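Chemist: please find the sequence and the predicted model below.
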Protein chains: 2
Amino acid sequence: MSSHLRLGIAGLGTVGIGVVKIIQRHADLLSKRTGKPITITAISARDRMKNRDADLSAYRWEDDPMAVATANDVDVYVELVGGDNGIAKDSIEAALRAGKDVVTANKALLALHGQELATLAEELGRVIRFEAAVAGGIPVIKAMTESLAGNEVKRVMGVMNGTCNYILTRMESAGLPYDAVFEEARQLGYLEADPTLDVGGIDAGHKLAILSSIAFGTQVNFNAVEIEGIERVSIDDIRRAADMGYKIKLLGVAQMTPRGLEQRMSPCLVPADSPLGQLMGGTNMVVVEGDSVGQIVLRGAGAGEGPTASAVLSDIVEIARDVRMPVFGQPAVQLKAAQPARTAVPAAYYIRLELQDKPGALAKVATVLGDAGISIDRMRQYGHSDGSSVPVLVVTHKTTPDAIDYAIETLPGTGVLQSDPVELRIEEV
Amino acid sequence: MSSHLRLGIAGLGTVGIGVVKIIQRHADLLSKRTGKPITITAISARDRMKNRDADLSAYRWEDDPMAVATANDVDVYVELVGGDNGIAKDSIEAALRAGKDVVTANKALLALHGQELATLAEELGRVIRFEAAVAGGIPVIKAMTESLAGNEVKRVMGVMNGTCNYILTRMESAGLPYDAVFEEARQLGYLEADPTLDVGGIDAGHKLAILSSIAFGTQVNFNAVEIEGIERVSIDDIRRAADMGYKIKLLGVAQMTPRGLEQRMSPCLVPADSPLGQLMGGTNMVVVEGDSVGQIVLRGAGAGEGPTASAVLSDIVEIARDVRMPVFGQPAVQLKAAQPARTAVPAAYYIRLELQDKPGALAKVATVLGDAGISIDRMRQYGHSDGSSVPVLVVTHKTTPDAIDYAIETLPGTGVLQSDPVELRIEEV
């Protein structure tokens, strides 16, 4: 490695340009903090002619990311191309084989191929760092691999997709239905080209899979994440949940149980006065629970040029300081394949029913819940909304997901429901 | 360095025993995560006979911390003796000279002698790490030196003394005056032997001075911190502030201004619905604002056996992983002595007055505020509380501390005040 740290950057979208700007603006600061100048040698992006908000004239342009990844005058390959395969993966592998360290923000790639890439990097004695892949500017990867290294992690939770949190909080504040706010978010440019990555919970699921691996020393396994998006969250449920003292969040939860590793990303209720419940707009939050440290809460911007570039820089700085770590905090060959487990940890549940307005309807519901072994903590019946159906909310005591599934499947058979029941887990946070 | 990392621990209070327990409980985990076993060789504490909640029989006992600090079979000296001078400082210096790295939780020592110790350590090629010195289990040192290394820090804030936050939130929840809750805290063992370290804001001031140094690349300078404790915070002010939508916190704020470095630790009002405002009990919170990352909020337990020991372990793990960093994030010889600046950044202020119940009293107050160039955002006059005085609250628009000082000094001369006016800064958070 030269006395400079020389970067090759592939991908000059929001994050890539953010990285360039920080390196230009803070050259002195970075050199003071790392003991060596950090410079950019080569860059690449899809469209050379695109107007970009930075002076790139000092850097060698390559049409092919591969040329950046393998250039002799590059020490660190910064992959910001994106995509869970293809050129992102190929160029990272090429960079590793060419003796480069790698910094990436590519959560999809790591969630799907993290184990393979980590194994390759460690065989070759290289590092891959990816602070920007999870929760933007929030230093959660570092917190988990380093700050909590003396802890057995009990549970990791988080709101890790700012677009979903924007949609859910905006629905509540503006009293608008999902479709209207989704359209707003699209017009504001908050949505990925394929919006199901956001609202379908997939992007957040990628992030959770990565955090699980670090938390529990297991091989990253995105396919084992139970994922449900926010598409079925209605303004009705948001309002009713608020009535009962809750907020609805797209919440990721990972925990190791005797039956295996539970990983789920789904709309949940959390207490309105908890840190997670109070999270508004595009902000992200990660909550980590360790056996010694207790609960640590990290909050900040989960996306955007500055925050994400800040995270990329933290990785570059670590490499400049010669900090060399296994990709997932311990050697990849040591990571175990976790037994995936469906959610079985008991929780309270919120159930919303639209009952037909006839005598005995409530009794039939209570019978089904009783048969399922579910006891009721609180129930609220609202006034007749339209003369034919009566909204009823139930908050259960702690019960198992199986019991809830049984009840939700059985309830329509009572013949007293006006529409399908809605159930949401109430996560203890 | 041997293939083991061998620790010598001086000080076996709450934190020291916590460290021993983690090392015993998580020997395998630590070895997996660092690639080498971490073992304890020698220990020392004031009283060998004291009953401690851990099996210490495998470790060599030394009566003198110096013997631990300089032992040939110790790689890392873990200083948990405490105290801003004396044996803590002497033993750390001896350890450095004997070629040991040092981990400490000693905020007072670092706040007063950090520059000197860092210079010595770096001359000798050793590291001193101190994650546990600030905000217990919250990884704020690492976040600032590493995660935000690509940022120019704009401001650091925090609630960093759990005892003070416990007292303030307990006063509000129980409706008890300061003296009563102080006594409760003493009986619960929450207070330092010298309680002014806590309630006088000194302990929190130490922590702020350390954070300032890292944030702004300046020499740590505790003596330049403007400190005011919570002793004069009354239950009246807590209630009135709540009425206006605020909470009172012992808040540290450090920011670089064109006039120099402002560092203050004082009771402030913050919006009740902000993350800082919502912080209850002994929990700590640090807020860091960087030019790229925006605002990052870190929250967790600020004290206690597990959380503080967790932070000590994170430092030990970093040394085991051969991560070597300048003590304050950049070489000590590079750190500049900051020009200390009294608080001049404008803010809104809360003013509580007890007015005599006579005509024209309010007009006289308004005249003084007007003369001081202070404009009023909101004013609230309460009913006659005892027939002779009328509580009046004022929330000002943004104004300078000098203007407030002038008003507070001038108001008693109006002859309409029943008691001295109370003013508190409203920090924008």
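Modeler: Yep, that arrived.
Chemist: endpoints of stretch A:344-359, how far apart?
Modeler: Distance across stretch A:344-359, first residue to last, is 35 Å (C-alpha to C-alpha, to the nearest Å).
Chemist: flag every buried residue along it.
Modeler: By 16 or more other C-beta atoms under 10 Å in any protein chain shown, the buried positions in stretch A:344-359 come out as A:345-355. Quick note: C-beta positions are derived from backbone N, CA and C, even for glycine.
Chemist: next step: those residues restricted to strands.
Modeler: Assigned to strands by DSSP state E, the following of the buried residues of stretch A:344-359 qualify: A:348-355.
Chemist: write out the residues of the stretch 201-350 of chain A neighbouring chain B.
Modeler: Neighbours of chain B within the stretch 201-350 of chain A, by C-beta under 8 Å from any C-beta of the partner chain: A:217, A:273, A:275, A:278, A:290-301, A:304, A:306-307, A:309-314, A:316-318, A:321-325, A:329-331, A:334.
Chemist: can you give me the helices for chain A?
Modeler: Secondary structure of chain A (DSSP state H): helices at A:14-25, A:27-34, A:65-69, A:87-97, A:107-123, A:140-142, A:162-174, A:178-187, A:196-199, A:202-216, A:235-243, A:305-320, A:361-371, A:401-410.
Chemist: which elements pack onto the last one?
Modeler: Under the contact criterion of 3 or more C-beta pairs under 8 Å, 6 or more residues apart in numbering or on different chains; DSSP states H and E, the helices and strands touching helix A:401-410 comprise strand A:348-356, helix A:361-371, strand A:422-426.
Chemist: now the longest one against strand A:348-356, angle please.
Modeler: The directions of helix A:361-371 and strand A:348-356 differ by 150 degrees, with axes from the mean of the first three to the mean of the last three C-alpha atoms, to 10 degrees as the criterion.
Chemist: in helix A:361-371, what counts as buried?
Modeler: A:361, A:364-365, A:368-369.
Chemist: measure A:Asn161 to A:Ala185 for me?
Modeler: In this view, A:Asn161 and A:Ala185 are 11 Å apart by C-beta to C-beta, to the nearest Å.
Chemist: no no, A:Tyr349
Modeler: On the measure of C-beta to C-beta, A:Tyr349 and A:Ala185 end up 28 Å apart.
Chemist: tally of neighbours for whichever residue of the stretch 51-200 of chain A sits closest to chain B?
Modeler: Scanning the stretch 51-200 of chain A for proximity to chain B using C-beta to the nearest C-beta identifies A:Gly150 as nearest, at 2.7 Å. Using other C-beta atoms under 10 Å in any protein chain shown, the number of residues around A:Gly150 comes to 30.
Chemist: name the nearest residue to it, sequence neighbours excluded.
Modeler: B:Leu313 (2.7 Å; C-beta to C-beta, 6 or more residues apart in numbering or on different chains).
Chemist: please name the residues that touch the one you found.
Modeler: A:149-151, A:292, B:19, B:22-23, B:30 (C-beta atoms under 8 Å, 6 or more residues apart in numbering or on different chains).
Chemist: out of the residues you listed, the closest to A:Met256 would be?
Modeler: A:Asn151 (12.9 Å; C-beta to C-beta).
Chemist: tell me the pLDDT of the closest one.
Modeler: pLDDT recorded at A:Asn151 is 98.
Chemist: what of A:Ala133?
Modeler: The per-residue pLDDT of A:Ala133 was computed as 98.
Chemist: same check on A:Ser388?
Modeler: Per the predicted model, pLDDT is 77 at A:Ser388.
Chemist: how does chain A divide into domains?
Modeler: A:5-104, A:140-301, A:348-426 (automatic domain parsing).
Chemist: nearest to B:His206, out of those?
Modeler: domain A:140-301 (20.8 Å).
Chemist: chain center to the closest one: distance?
Modeler: Relative to its parent chain, domain A:140-301 has a centroid offset of 6 Å by C-alpha atoms, centre = their mean, to the nearest Å.
Chemist: from the domains of chain A, which stretch is densest packed?
Modeler: Highest mean neighbour count among the domains of chain A (mean count of other C-beta atoms under 10 Å in any protein chain shown): domain A:140-301, with a mean of 21.
Chemist: and A:Val103, bridged to which residues?
Modeler: Beta bridges link A:Val103 to A:Val78, A:Arg129, judged by DSSP bridges.
Chemist: endpoints of stretch A:20-38, how far apart?
Modeler: 11 Å.
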